[in-house]
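S.K.: Mind folding the following:
(chains A and B)
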Amino acid sequence: MSDKVTIRRLATGVPGLDAILGGGLPEFSFNLIVGPPGSGKTTLAHQIMFALATKERPALFFTVLGEPPLKMLRYQQQFSFFDPAKVTESIRFVNLSDEVSTGNFDEVLARVTKEVEAFSPGLVFVDSFRSVMLEATHQPQGTLSLQQFTQQLGIHLSSWQATTFLVGEYRSDSDPHPIFTVADGLLSLDQIVHRNSMVRQMQVLKMRGQATRPGMQTFRISSAGIEVFPTALVRDDTGGTKEPAGSRRTKARVAMGVPGLDDMLGGGLPSGYSMLVAGPSGSGKTILATAFLAEGVRRGEPGVIVAFEQTPSQSRTRTIDDMVRAGQVGLINTRSLDLSIDEIVQNLVSVIHRMKATRVVIDSLSGFELAVAPTFREDFRESLFRMVAVLSGLGVTVVMTSELEDRYTDLRFSPYGSAFLTDAIVVERYIEIESRLKRVLAVVKVRGSAHSNELRQFEITDAGIIIGDPVRDYEGLLSGRATQAPTVNAVKSAKLR
Amino acid sequence: MPTGDGNLLREAIRTTLALRAGRLPDADTTAEATAATWRLVTVQLAPVIGARGLDLLFSRALQQTSAAFPWLAVAVDRGGSASPLPSLMVCLAGQHTSTAAEASYTLLLTFTELLAKLIGESLTTRLLAPVWAPPSLSSGQESAL
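M.R.: A predicted model of the protein is given here:
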């Protein structure tokens, strides 16, 4: 038997928050929630309180001058987590404005202590810390200084058998407040505005005794409250992890649903692989991806498509619509321009689990980049890598399309340098032969597998993609200036001359 | 006592005031009943919305009620930050019993409705529940009457 103390972790009731906290909120911890006005501090505090407060674990919520309590109660009720039945039964609001306005912190502390002793709460919130600090300027001499007060409050909050929160605007990287040292947990909320998009972010700067998710995590505030989208974890392949990337890959091959393409891939796309289909506009990328999903449906393998099209009804094929309506394919279609990649990944993973999907299509990476908030575009490639890694860890087979401007001076596959991220690449191009625009495709790469190296002509018909013969008799196709290759007889006669 | 139902709320306010004014009410006991009820409202609400917030809401209700009972304007016009309750009691005590009772009832109803507009009926009901006389007690009193 271990004599060590076991710290219970409380589920916060905020989707995604427990994951970034490292498994929940340590019971009896003293936490700071800091951030600028409008960053969601009070909402976060309320959401946690309404989730955790019970008759056995009542909550005391102290309001200070910052936000008039009537307004706070009015607006917080708009969230679905606000349960009026809990107010007075397991949640008690206490306004400290009268005590704080005197500037006498001894009184404030005495009032807080008195209420805590009378109510024996399991949860205590003080909102907001900033208001207390502003009142410090009116403070009578001979009483507790602000610093003493905040430290005293911190010590009091830590010593009660309660999980406690101090909500405030205070944040300075250069001069951290002493209260930060006392706190067990420090959650920093922020909102970043870039042109017309606004992104909310949260960071767990400190949480004693547990491994938190590092870095900024995006979150959204909707009518249901706050939802955090934790950064997708890329699992390590070098040991120490329970489920290394690609562990669920098998030697099985996945049929693409395009006659002839499986042969070109060396017998189909290896299960669990991610494939990039790159090509210019109209070359048939979406049709190829649709065929991949339709083939899955035919074989009883559900799929998910993530579409980023501005006019889905026009650009998405009817086949996709039919499959989505029949519940055979899950659709994530977003035209929002302020998404974080983590939000999309989380959404995608949840649909994959719900549908028990084994095939995933992302159509297209170009639309994806547009949908992502400008703040995240700098990290797009890195985030894409995380997404591919997460999908790979799930064992699903992925087809991603990528719009590629036709360039005849070089052979490129993706504007994001994402080619190296994927296990297989199919490239589609236009070529000119006898004054006609023709389409060709080629398999560029299938990791760890033999594959065709032919450039094959293909046509798009009502029945889908029809792959034709290799383009013979021409060379320089990829340069855009195809020339008829000399025939064998012509070569022979030339040699004879 | 639920306030979600307007009729139930009206009944609760009337019964509460009648009970607290006693069997043979006059203007003084009506004023006292009003003050006792307001003190309970203060006990319930001041910790939640602050004493100053409560006074402001009370003054607003008083101002609205004075449209129907102009003599209440004296209590409204006090201004400053002091509570308008003592002044209200003086006003009520100077009226006929039935007029004072009606004004007191209207004031409480107006106040409760104002609060409900701000924080919703459900929360108002929960916060003010202890203010109203318990239904069992009020029905017992009514039958005794």
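S.K.: From residue A:454, how far off is the residue most central in space within chain B?
M.R.: Closest to where the C-alpha atoms of chain B average out (C-alpha atoms, centre = their mean) is residue B:108, at 3.1 Å. Residue B:108 is 88 Å from residue A:454, where distance means C-beta to C-beta, to the nearest Å. For every residue, glycine as well, the C-beta is placed using N, CA and C.
S.K.: quick revisit: which helix or strand contains the residue nearest to the centre of chain B?
M.R.: helix B:97-119 (DSSP states H and E).
S.K.: So which bits of that helix are buried?
M.R.: B:97, B:100-116, B:118-119 (16 or more other C-beta atoms under 10 Å in any protein chain shown).
S.K.: for the record, mean pLDDT for the helix or strand just after that helix?
M.R.: Using DSSP H and E, the helix or strand that follows helix B:97-119 in sequence is helix B:121-128. Averaging pLDDT along helix B:121-128 gives 91.
S.K.: just checking, what packs against helix B:121-128?
M.R.: helix B:27-49, helix B:97-119 (3 or more C-beta pairs under 8 Å, 6 or more residues apart in numbering or on different chains; DSSP states H and E).
S.K.: quick one: low-confidence parts of chain B?
M.R.: B:1-5, B:77-82, B:134-145 (pLDDT under 70).
S.K.: How about the residues of it by chain A?
M.R.: Taking C-beta under 8 Å from any C-beta of the partner chain as the measure of proximity, chain B contacts chain A at B:46-53, B:57, B:118-120, B:122-123, B:126-127, B:129.
S.K.: so how far is stretch A:195-209 off the chain centroid?
M.R.: When C-alpha coordinates are averaged (C-alpha atoms, centre = their mean, to the nearest Å), stretch A:195-209 and its chain have centres 13 Å apart.
S.K.: Would you check that my belief about the residue nearest to the centre of chain B contacting residue B:20 is correct?
M.R.: No - counting by C-beta atoms under 8 Å, residue B:108 stays clear of residue B:20, with 11.4 Å between them.
S.K.: hey, what's in contact with both of those two?
M.R.: residue B:37 (C-beta atoms under 8 Å, 6 or more residues apart in numbering or on different chains).
S.K.: Excluding covalently adjacent residues, which one is nearest to the closest residue to chain B within the stretch 151-300 of chain A?
M.R.: Proximity of the stretch 151-300 of chain A to chain B (C-beta to the nearest C-beta) peaks at residue A:223, 15.2 Å away. Among residues not flanking residue A:223 along the chain, residue A:80 sits closest, at 5.9 Å (C-beta to C-beta, 6 or more residues apart in numbering or on different chains).
S.K.: so how far is chain B from the one you found?
M.R.: 13 Å (C-beta to the nearest C-beta, to the nearest Å).
S.K.: Pretty sure that residue sits in a strand.
M.R.: No - counting by DSSP: H, G, I helix; E, B strand; the rest coil, residue A:80 is not found in a strand; it is coil.
S.K.: pretty sure it contacts residue A:227?
M.R.: No - between residue A:80 and residue A:227 there is no contact under C-beta under 8 Å: 11.9 Å.
S.K.: the more surrounded of those two?
M.R.: More crowded of residue A:80 and residue A:227, by other C-beta atoms under 10 Å in any protein chain shown: residue A:227, with 17 against 12.
S.K.: The more buried one: what secondary structure?
M.R.: At residue A:227 the chain is in strand, as set by three-state DSSP.
S.K.: who's in contact with it?
M.R.: Listed by C-beta under 8 Å, 6+ apart, the contact set of residue A:227 reads A:14-16, A:219-220.
S.K.: next one: residue A:224
M.R.: A:79-81.
S.K.: rerun at 6 Å
M.R.: Going by C-beta atoms under 6 Å, 6 or more residues apart in numbering or on different chains, residue A:224 touches residue A:80.
S.K.: Quickly list what the nearest residue to residue A:126 once chain neighbours are set aside is bridged to.
M.R.: Nearest non-adjacent residue to residue A:126, counting by C-beta to C-beta, 6+ apart: residue A:62, 4.6 Å away. The partner list for residue A:62 in beta bridges (DSSP bridges) reads residue A:94, residue A:126.
S.K.: Let me know how buried residue A:62 is, in neighbour terms.
M.R.: Neighbours of residue A:62 (other C-beta under 10 Å): 24.
S.K.: How about residue B:39?
M.R.: 12.
S.K.: picking up where we left off before, was I right to think the residue nearest to the centre of chain B contacts residue B:15?
M.R.: No - counting by C-beta atoms under 6 Å, residue B:15 is not a contact partner of residue B:108; they are 11.6 Å apart.
S.K.: got the contact list for residue A:190?
M.R.: Per C-beta under 6 Å, 6+ apart, neighbours of residue A:190: A:35, A:39, A:201.
S.K.: Please flag which of those residues sit within strands.
M.R.: Cross-referencing the contacts of residue A:190 against strands under DSSP state E gives residue A:201.
S.K.: excluding its backbone neighbours, what's nearest residue A:190?
M.R.: Sequence neighbours aside, residue A:201 is the residue nearest to residue A:190 in space, at 5.1 Å (criterion: C-beta to C-beta, 6+ apart).
S.K.: So that neighbour sits against residue A:216, correct?
M.R.: Yes - with contact defined as C-beta under 6 Å, residue A:201 reaches residue A:216; the gap is 4.3 Å.
S.K.: excluding its backbone neighbours, what's nearest the residue sitting nearest the centre point of chain A?
M.R.: What sits nearest the mean C-alpha location of chain A, by C-alpha atoms, centre = their mean, is residue A:342, with 1.1 Å. Nearest non-adjacent residue to residue A:342, counting by C-beta to C-beta, 6+ apart: residue A:229, 4.3 Å away.
S.K.: ok, that neighbour - how many residues close by?
M.R.: 23.
S.K.: what do you get for residue A:430?
M.R.: 17.
S.K.: Now it: which helix or strand?
M.R.: Using DSSP H and E, the element containing residue A:430 is strand A:424-433.
S.K.: follow-up on the earlier one: for the residue nearest to residue A:223, what are phi and psi?
M.R.: Per-residue torsions, residue A:80: phi -70, psi -20 (degrees, to the nearest 10).
S.K.: Buried residues, stretch A:266-276. List them.
M.R.: Under the neighbour-count criterion of 16+ other C-beta under 10 Å, stretch A:266-276 has A:266, A:268-276 buried.
S.K.: could you redo the residues you listed as TSV and give each row secondary structure, pLDDT and distance to chain B?
M.R.: Below are the buried residues of stretch A:266-276 laid out as TSV (DSSP: H, G, I helix; E, B strand; the rest coil; pLDDT from 0 to 100; distance: C-beta to the nearest C-beta, whole Å):
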residue	secondary structure	pLDDT	distance to chain B
A:266	coil	92	65
A:268	coil	93	59
A:269	strand	95	56
A:270	strand	93	58
A:271	coil	93	54
A:272	coil	92	52
A:273	coil	93	54
A:274	strand	92	50
A:275	strand	93	54
A:276	strand	92	53
